[in-house]
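Q: the following block contains a protein sequence and its predicted model.
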Amino acid sequence: MNPHDSQRPPSVDALARDLAVRHDLPHAVLVDCARSAIAAGNPADADRLAAEFHTSLLRDVVNATGVLLHTNLGRAPINFSRQARSSTLEFDLATGERGSRQRSIGSLIAALCGAEAALVVNNNAAAIMLVLGALADGRDVAVSRGESVEIGGGFRIPDVLEQSGARLVDVGTTNRTRLRDYAKAVDSRKNDIALLLKIHPSNFSVNGFVEETPVSQLATLGVPVVADIGSGLIDETCPWLNGPTPSWLAGEPAAKQALQAGASLVTFSGDKLMGGPQCGIIAGNADLIAKCSVHPLARALRPGALVISALQDVALAYLDKRVTSDIPFWAMATTTVDELRIRAQRIVDASGVGQLVNTAALPGAGSTPGASIPSVGIAVIGNHLATLRKRTLPVIARVVESNTVLDMRSCFVHDDDELIAALKSLPTR
């Protein structure tokens, strides 16, 4: 008997068993869906609740948006797999004693950045929080008003400072902050400046009548400078590329150059321009890194073995100059337009759907605001976003002027057959 046929509400268990015929979900989840629907007086709604839960599960997608570091799609895609074995996360093979999870990865990151030492935490907000808590608790931190920004999820720099125990000292104005503004804050008797925090406003740009103080000038004031470069460019010269630095990286601050300019510490994300897993990195002066590493927050914010293992692969790829072959973000970013056009034409020819269009891909994730990378897309008349999202392997695209556009720069070669199948499934003929 179908449980919906009865005049009385079905039992939770009966409805859950009925859902199991159509939804491949654990029984406990189906019970929750059934219970919620019955409690709301509409048992038939359990199907919708189960379908919505299934859709909400973390799963792979094809990113055809043209945003290479798409925050909602996990930012930098990474190649990572390992056998189900234990690891030397905190074990020293040489001595057989307990080791440090930070030692090797810290050394690799320090070598990349030209730093004395480095520390890894679970994201860049955590990196800033740890630095402030370890080095400025109960003291003042000078921040330009133009850099007192809000980052993703509504988190604001003043709030981060407050939670760390440090006190914010605003310097300069929204559009212009000079060296003398910082010097005034440092010299003021009412302040106890522990750090000068310079924040790269990576998710927006201010143009016109603006002025900022570079790290090299801040470093002359005798107070440690912490440069939050945010987007994680390791070296502005991009030595891992066969050629000049791409124009879309112009003006983007880099870890190596910030330290060379006199920053005591740099903080940045591992899953943006670095192309690694989500994490936050602190690199620079060994004494300051040591203070951060023994602060109680360091344990609460430490990453696990999967993150460290993935980040280790990325760091080794940089040091071995295997970046464009082994780090997916840089493979996407450096593919030529001609290569993209050839792939796009093959997909259109094989599917019989769409036409080629020139597009502008974006680095994404708050990196290089206002910059774009020439690309090629496949345009299909009409809005097909919902249809593409419903595929077993969802394809996430965008609509431009009433056309659905699949940007090839953010799609990998191994997904080309999936794109062909997706286009064939569209109701366009």
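A: The structure has been received and is ready for your questions. The shown structure was predicted, so the numbers you read here are calculated from the model rather than taken from an experiment.

Q: the longest strand anywhere in the chain pairs with which strands, parallel or anti?
A: Secondary structure assigned by DSSP state E gives strand 373-381 as the longest strand of the chain. According to DSSP bridges, strand 373-381 has the following sheet partners: strand 355-361 (antiparallel), strand 403-407 (antiparallel).

Q: give me the neighbour count for the residue lying closest to I199 once chain neighbours are set aside.
A: Nearest residue to I199, sequence neighbours excluded (CB to CB, 6 or more residues apart in numbering): E147, at 4.1 Å. Using the backbone N, CA and C atoms, a C-beta is placed for each residue, glycine as well. E147: 18 surrounding residues under other CB atoms under 10 Å.

Q: how's this protein carved up into domains?
A: 12-56, 62-77+330-424, 103-326 (automatic domain parsing).

Q: what's the helix or strand of the chain with the lowest mean pLDDT in contact with?
A: When each helix and strand of the chain is scored by mean pLDDT, DSSP states H and E, helix 157-164 comes last, with a mean of 84. Contacting residues not belonging to helix 157-164 are listed as 125, 128-129, 132-133, 136-137, 141, 143, 147-151, 167-168, 197, 199 [CB atoms under 8 Å, 6 or more residues apart in numbering].

Q: picking up where we left off before, okay, the strands paired with strand 373-381 in CSV with distance to A344 next?
A: CSV is the format used below for the strands paired with strand 373-381 (distance: least, CB to CB, whole Å):
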stretch, distance to A344
strand 355-361, 5
strand 403-407, 8
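
Q: including mean neighbour count, could these go into TSV?
A: Output for the strands paired with strand 373-381, formatted as TSV (neighbours: other CB atoms under 10 Å):
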stretch	mean neighbour count
strand 355-361	17
strand 403-407	24
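
Q: for A20, find the nearest of those.
A: strand 403-407 (35.0 Å; CB to CB).

Q: now do that closest one: everything it contacts.
A: With CB under 8 Å, 6+ apart, strand 403-407 has contacts from 64-66, 354, 357, 359, 361, 375-385, 388, 395, 397-399, 419, 423.

Q: for stretch 381-388, same thing?
A: With CB under 8 Å, 6+ apart, stretch 381-388 has contacts from 64, 394-399, 402-404, 422, 425-428.

Q: how about a cut-off of 6 Å?
A: Stretch 381-388 is touched from outside by 395, 397, 399, 403-404, 422, 426, with contacts defined as CB atoms under 6 Å, 6 or more residues apart in numbering.

Q: pick the one among the residues you listed closest to S410.
A: A397 (9.9 Å).

Q: for T359, see how far away the residue nearest to the closest one when sequence neighbours are not counted is.
A: Once flanking residues are discounted, A397 sits nearest to A64: 4.5 Å by CB to CB, 6+ apart. Noted for A64: a distance of 11 Å to T359, by CB to CB, to the nearest Å.

Q: try A300
A: For A300 relative to T359 (CB to CB), the value is 43 Å.

Q: and D271, which of the three is it?
A: Judged by DSSP: H, G, I helix; E, B strand; the rest coil, the three-state class of D271 is coil.

Q: looking at it now. What's its pLDDT?
A: We have a pLDDT of 96 for D271.

Q: list the contacts of stretch 240-255.
A: The list of residues contacting stretch 240-255 from outside it, by CB under 6 Å, 6+ apart, reads 113, 200, 229, 233-236, 238, 266, 321, 323, 368, 371, 373.

Q: dump that stretch to PDB, keeping only the CA atoms.
A: Extracted C-alpha coordinates of stretch 240-255, given in PDB (Å, rounded to 0.1, in the frame of the first residue of the first chain):
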ATOM      1  CA  TRP A 240      57.600  29.000 -12.800                       C
ATOM      2  CA  LEU A 241      56.400  30.300 -16.100                       C
ATOM      3  CA  ASN A 242      58.200  30.300 -19.400                       C
ATOM      4  CA  GLY A 243      57.900  33.900 -20.100                       C
ATOM      5  CA  PRO A 244      57.000  37.300 -18.600                       C
ATOM      6  CA  THR A 245      54.600  37.800 -15.700                       C
ATOM      7  CA  PRO A 246      51.000  37.800 -17.100                       C
ATOM      8  CA  SER A 247      49.500  41.200 -17.500                       C
ATOM      9  CA  TRP A 248      46.500  40.200 -15.300                       C
ATOM     10  CA  LEU A 249      48.900  40.000 -12.300                       C
ATOM     11  CA  ALA A 250      50.100  43.500 -12.600                       C
ATOM     12  CA  GLY A 251      50.200  45.200  -9.300                       C
ATOM     13  CA  GLU A 252      49.300  42.100  -7.300                       C
ATOM     14  CA  PRO A 253      51.500  42.000  -4.100                       C
ATOM     15  CA  ALA A 254      53.600  38.900  -3.700                       C
ATOM     16  CA  ALA A 255      55.000  37.200  -0.600                       C
END
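
Q: that'll do, ta.
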